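Asks: pasting a predicted model and its sequence here:
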Amino acid sequence: MNNDVPLPTHTWPELEPGWVWLCGAGPGDPGLLTLHAVNALRQADVVIYDALVQEDILAWAPQAEHIYAGKRGGKPSAKQRDISLRLVDLAREGKRVLRLKGGDPFVFGRGGEEAQTLVQHGIPIRIIPGISAGIGGLAYAGIPVTHRDVNQSVTFVTGHDQSGNTPSSLDWQSISKGSQVIVIYMGMKHIAQIATQLMAAGRSPLEPAAVVTTATTDDQQVLETTLGTIVDDIATANLAPPAIICIGQSVLMRQVLDWQNMAAGQAPRNLDPLGRGRPAESA
């Protein structure tokens, strides 16, 4: 990126000394950054970034100190309290601090916790939303999280809580009955338990499901499966986190909307994967 090229005409906010901006970096592809994120990267003195932030994104802040604060399940990582207080300390040193988080900072990203800590310590903040992996990552796989012929609701859930276990506060019976499409963040570790609970609550084992790993990056992989076979199919495909899991009829739309493979020359597999028997433009 050429920093000599100005951003479009706009009253761009200034990242002032002693401030912390909490910014979403999107699901991976640097092209999915917002212009506010680019503006922040150009100004920061220090960037504290998560595990899912791509190196190409950090390269847009060559003037800044880069501090890794990634948290990955089952691996040594910084404690959340230490990360939050580090932000406070850096701001009090008069730094222009950019807290860069994968996806959106307020969608299963602990952004609310960090922002609250900063405010409680008297540190001024700005929030910059980002494209969440549960939407953008699935879009890159050719899976729309909503489709008029499929669903009028979508539920986003996390696959683990603060303890690392499947969230005990989730009512899988209600989720199963109340949402046509379910999107699960950080669900790979407990997918066997989650799938069992959903089927016990009435979801069909034949229901379409998809797993998208390292979404929107060059390493993206997509597994199309069913709720009843998802556990075995993940093992067979040797997939590993980070992953987004989608359960619902909208997964079938990948047969016609797999735009990345179509761009590589492949024909769509099925022009009418929902079996509606009519053109898509028909009401």
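Replies: On my side now, so go ahead. Keep in mind the model is a prediction, meaning the values are calculated, not measured. Residues are numbered from 1 along each chain as shown.

Asks: any low-confidence regions in the stretch 51-200 of the chain?
Replies: 71-77, 161-167 (pLDDT under 70).

Asks: let me see the ranges of the helices in it.
Replies: 55-58, 80-92, 111-120, 133-140, 172-178, 191-200 (DSSP state H, counting those that start in this stretch).

Asks: which residue is nearest the centroid of the protein?
Replies: Ala133 (2.3 Å; C-alpha atoms, centre = their mean).

Asks: contacting residues for the residue nearest to it when sequence neighbours are not counted?
Replies: Once flanking residues are discounted, Ala133 sits nearest to Pro27: 3.9 Å by C-beta to C-beta, 6 or more residues apart in numbering. (Glycine included, C-beta is placed from N, CA and C.) Pro27 is in contact with 52, 102-103, 131-133, 136-137, 140, 215-216, counting by C-beta atoms under 8 Å, 6 or more residues apart in numbering.

Asks: which one of the residues you listed is nearest His190?
Replies: His190 has its nearest neighbour among the contacts of Pro27 in Ala133, at 17.6 Å by C-beta to C-beta.

Asks: got a list of what that closest one touches?
Replies: With C-beta under 8 Å, 6+ apart, Ala133 has these contacts: 27-28, 102-103, 185, 215-216, 242, 244.

Asks: likewise for Met186?
Replies: 73, 108, 158-160, 241-242.

Asks: for His36, give its distance to Gln43.
Replies: 11 Å (C-beta to C-beta, to the nearest Å).

Asks: do Cys23 as well
Replies: 11 Å.

Asks: more neighbours, those two?
Replies: Each of Cys23 and Gln43 has its neighbours counted (other C-beta atoms under 10 Å); Cys23 has more, 31 against 19.

Asks: still on that earlier bit, find residues that contact each of Cys23 and Gln43.
Replies: What both Cys23 and Gln43 touch, as defined by C-beta under 8 Å, 6+ apart, is the set Leu98.

Asks: ok, the residue nearest to Trp259 when sequence neighbours are not counted - contacts?
Replies: Nearest residue to Trp259 in three dimensions, chain neighbours excluded: Gly142, at 5.6 Å (C-beta to C-beta, 6+ apart). By C-beta under 8 Å, 6+ apart, the contact list for Gly142 reads 253-254, 256-260.

Asks: give me the number of residues near Arg203?
Replies: As a burial measure, Arg203 scores 21 neighbours (other C-beta under 10 Å).

Asks: kindly apply the preceding question to Glu113 instead.
Replies: Neighbours of Glu113 (other C-beta under 10 Å): 13.

Asks: ok, now Tyr68?
Replies: Neighbours of Tyr68 (other C-beta under 10 Å): 13.

Asks: sorry, back to before: just the contacts of Ala133: which are in strands?
Replies: Judged by DSSP state E, strands contain the following of these: 185, 244.

Asks: any chance of the contacts of Ala133 in JSON lines, plus distance to Ser176?
Replies: Below are the contacts of Ala133 laid out as JSON lines (distance: C-beta to C-beta, whole Å):
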{"residue": "Pro27", "distance to Ser176": "26"}
{"residue": "Gly28", "distance to Ser176": "30"}
{"residue": "Gly102", "distance to Ser176": "28"}
{"residue": "Gly103", "distance to Ser176": "25"}
{"residue": "Tyr185", "distance to Ser176": "18"}
{"residue": "Ala215", "distance to Ser176": "25"}
{"residue": "Thr216", "distance to Ser176": "29"}
{"residue": "Pro242", "distance to Ser176": "25"}
{"residue": "Ile244", "distance to Ser176": "19"}
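
Asks: return the member of the contacts of Ala133 nearest to Asp82.
Replies: Gly102 (18.8 Å).

Asks: wait, isn't the closest one in contact with Asp29?
Replies: No: Gly102 sits out of contact with Asp29 when judged by C-beta atoms under 8 Å, with a separation of 11.5 Å.

Asks: who has more neighbours, the two?
Replies: Higher neighbour count among Gly102 and Asp29: Gly102, with 25 against 20, using other C-beta under 10 Å.

Asks: distance of Leu239 from Ile127?
Replies: Counting by C-beta to C-beta, the gap from Leu239 to Ile127 is 32 Å.
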